[in-house]
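[1] This is the structure alone, sequence omitted:
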């Protein structure tokens, strides 16, 4: 792992804050010094212009008063019309004129001159002004050393120290804020490190602040809740599966042990018949478990248009014992998109459940209903399987869709059910974009399957396999 990846988030934020603070404070200090330098230079320009103007007025009156300059750093020269220096401050006595440029008309001219009559390495701001006299116009040159960029060392030190202290304070505050902001994250991480399969009920602390970390903690707790529910469902599923698998295995073991204890009193045919029933039950359970595993894995099914009336027709043709106790109310042309094998399995599971609980009659209905505009934009395809048995209490209607969950009545009347038929049926319905619910009925249980209608070749499908075989004796609307 590179060094960049080993740096903590707090260190990264602190480093970024420090660099940004140094750059910003340095920029502010630079701008401030530039502003002060410009102000000082402008003030110096006014002073030099005033000193030169004062001497120019004296020259015009013919009354030059010495000393010419009131400051030691101020240099003044008076140059007559012939270009000779006729008056100057003491440091420039005997030296040539400090500059050669002349004023522009009646206005003063300003220029920066380096070297010449000035000390080595020194640059001066020189201002030239006219002094008007009858014998000719003289030029008054007044100069002063230019102000350095730092203006004054003490001022530069104060500004620099202030910028450094500001950058340090901003960096410190940035580190404090980042550490305080990430403290709830560290608490969440510490709690997650301690959560394992034995304590899934624990939750991470939710900070009181209404920010992204609060939302993160809430999302983590929701995820932990779903994970806990999934693990508990898996544990319950494994427990129920082992319980249901143990019963036929124990029965087959008892048959084999009885045959071994009394081989002369038992025939191979009797033992085979006894074991075959248990094997069929084991096969059914394993087949249902495999189906649930595929559905849980999200394996995609086929996508083809299916006429529900035709599907009911095909399934009922293969169940000869269903025809005598069934009533069919089928509307042709109700087409859905799905996997024919899965939807056939769904219908088979509903019919198996209805056969186990019906007293004398099973009603199968296929119809089209208006949609809600969102989930079912083109309408709903509704398939109902109704039996005239004892029915299911409202508080237990969701229980029957849980895996290996069978009501007491089902366990007493049918010991061969796997307890997976209805859960598989609901998963197939949801995987097909629909729903499977138990709704109110005057008598018995009423299972209602709703699927989105497909706007396609409904007429052509209905004219084909959608018409029931005559020996099923349906009633078609």
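    All right, it came through fine. Small disclaimer: the values here were computed from a predicted structure and weren't measured.
[2] and residue 92, what does it touch?
    75, 77, 85, 98, 117 (CB atoms under 8 Å, 6 or more residues apart in numbering). Backbone N, C-alpha and C define where each C-beta goes, glycine included.
[3] swap the cut-off to 10 Å and go again
    68, 75-77, 85, 98, 117-118, 141, 143 (CB atoms under 10 Å, 6 or more residues apart in numbering).
[4] In helices, which of the residues you listed appear?
    Counting by DSSP state H, no part of the contacts of residue 92 is found in helices.
[5] Next SSE downstream of whichever strand or helix holds residue 238?
    Element membership for residue 238 (DSSP states H and E) is helix 212-261. Where DSSP H and E defines the elements, the next helix or strand beyond helix 212-261 is helix 268-296.
[6] Would you mind putting the contacts of residue 92 into TSV with pLDDT alongside?
    Below are those laid out as TSV (pLDDT from 0 to 100):
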residue	pLDDT
68	84
75	90
76	91
77	90
85	89
98	90
117	87
118	87
141	92
143	92
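[7] Taking the residues you listed together, which two end up most distant?
    Spatial extent of the contacts of residue 92 (CB to CB) is set by the pair 68 and 118 at 16.5 Å.
[8] quick one: which of those two has more around it?
    residue 68 (23 against 19; other CB atoms under 10 Å).
[9] gap between the more buried one and residue 60?
    Distance, residue 68 to residue 60, by CB to CB, to the nearest Å: 15 Å.
[10] Same question for residue 308.
    116 Å.
[11] The two: which has the busier surroundings?
    Ranked by neighbour count (other CB under 10 Å), residue 308 and residue 60 place residue 308 first, with 30 against 16.
[12] so what pLDDT did that one get?
    Predicted confidence (pLDDT) for residue 308: 91.
[13] going forward, begin numbering at 606 instead of 1
    All set: I'll call the first residue 606, so the last point we hit is now residue 913.
[14] can you pull the contacts of it?
    By CB under 10 Å, 6+ apart, the neighbours of residue 913 are 935-941, 943, 948, 952, 969-973, 986-988, 1054, 1056, 1058, 1066, 1071.
[15] From residue 922, how far out is it?
    Taking CB to CB, one finds residue 913 at 15 Å from residue 922.
[16] Quick one: list the elements packing against the helix holding residue 843.
    helix 758-799, helix 873-901 (3 or more CB pairs under 10 Å, 6 or more residues apart in numbering; DSSP states H and E).
[17] What residue spans form the domains of this protein?
    614-750, 817-901, 909-1081 (automatic domain parsing).
[18] Tell me which of those domains sits most buried.
    Of all the domains of the chain, domain 909-1081 has the most neighbours on average by mean count of other CB atoms under 10 Å, namely a mean of 18.
[19] quick one, the strand or helix carrying residue 630 and helix 758-799 angle?
    Using DSSP H and E, the element containing residue 630 is helix 614-666. Interaxial angle of helix 614-666 relative to helix 758-799 (axes from the mean of the first three to the mean of the last three CA atoms, to 10 degrees): 170 degrees.
[20] any idea of the mean pLDDT for helix 614-666?
    92.
[21] and that helix, what does it pack onto?
    Packed on helix 614-666, when contacts are counted by 3+ CB pairs under 10 Å, 6+ apart, are strand 680-684, strand 690-693, strand 714-719, strand 728-738, strand 741-750, helix 758-799.
[22] I'd like those written out as JSON lines, with distance to residue 633 added.
    Listed next are those as JSON lines, based on distance: least, CB to CB, whole Å:
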{"stretch": "strand 680-684", "distance to residue 633": "36"}
{"stretch": "strand 690-693", "distance to residue 633": "44"}
{"stretch": "strand 714-719", "distance to residue 633": "28"}
{"stretch": "strand 728-738", "distance to residue 633": "27"}
{"stretch": "strand 741-750", "distance to residue 633": "28"}
{"stretch": "helix 758-799", "distance to residue 633": "7"}
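[23] and residue 861, which of these is closest to it?
    Here helix 758-799 is closest among the helices and strands packed on helix 614-666 (CB to CB), at 49.2 Å.
[24] So for that closest one, mean pLDDT?
    Here the average pLDDT along helix 758-799 is 91.
[25] relative to its centroid, which residue of this structure is most remote?
    Of all residues in the chain, residue 740 has its C-alpha farthest from the mean position, at 88.7 Å, by CA atoms, centre = their mean.
[26] That one and residue 897, how far apart?
    121 Å.
[27] How far off centre is the helix holding residue 630?
    48 Å (CA atoms, centre = their mean, to the nearest Å).
[28] What score does residue 606 have for pLDDT?
    pLDDT, residue 606: 46.
[29] should've said residue 1069
    42.
[30] do the same with residue 840
    At residue 840, pLDDT is 77.
[31] so how far is residue 784 from residue 613?
    10 Å.
[32] And residue 823, by the same measure?
    22 Å.
[33] what residues are up against residue 662?
    Applying CB under 10 Å, 6+ apart, the residues near residue 662 are 668, 734, 736, 745.
[34] still on that earlier bit, of the helices and strands packed on helix 614-666, which is nearest residue 624?
    The nearest among the helices and strands packed on helix 614-666, by CB to CB, is helix 758-799 at 9.1 Å.
[35] relative to helix 817-866, how tilted is that closest one?
    Going by the same axes, to 10 degrees, helix 758-799 makes 20 degrees with helix 817-866.
[36] in the stretch 906-1055 of the chain, what spans have low per-residue confidence?
    Scanning the stretch 906-1055 of the chain for pLDDT under 70 picks out 925-929, 978, 1010-1023.
[37] Where do the strands of it begin and end?
    909-912, 931-935, 940-943, 967-974, 985-992, 1040-1044, 1051-1057 (DSSP state E, counting those that start in this stretch).
[38] could you redo the ones you listed as JSON lines and give each row distance to residue 808?
    Formatted as JSON lines, those follow (distance: least, CB to CB, whole Å):
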{"stretch": "strand 909-912", "distance to residue 808": "45"}
{"stretch": "strand 931-935", "distance to residue 808": "51"}
{"stretch": "strand 940-943", "distance to residue 808": "39"}
{"stretch": "strand 967-974", "distance to residue 808": "42"}
{"stretch": "strand 985-992", "distance to residue 808": "39"}
{"stretch": "strand 1040-1044", "distance to residue 808": "31"}
{"stretch": "strand 1051-1057", "distance to residue 808": "36"}
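[39] quick one: which of those strands is nearest residue 622?
    strand 1040-1044 (53.7 Å).
[40] Can you tell me what sits against that closest one?
    Against strand 1040-1044 from outside (CB under 10 Å, 6+ apart): 951, 954-955, 980-981, 985, 988-989, 991, 996-997, 999, 1001-1003, 1005-1006, 1027-1028, 1030-1035, 1050-1056.
[41] any idea how far the residue farthest from the centre of the chain is from residue 664?
    11 Å.
[42] Return every residue with contacts to both of these two.
    Shared contacts of residue 740 and residue 664, counting by CB under 10 Å, 6+ apart, come down to residue 685.
[43] Need phi/psi at the residue lying closest to residue 646 once chain neighbours are set aside.
    Leaving out its chain neighbours, the residue that sits closest to residue 646 by CB to CB, 6 or more residues apart in numbering is residue 752, at 5.4 Å. When quoted as degrees, to the nearest 10, the phi and psi of residue 752 stand at phi -80, psi 130.
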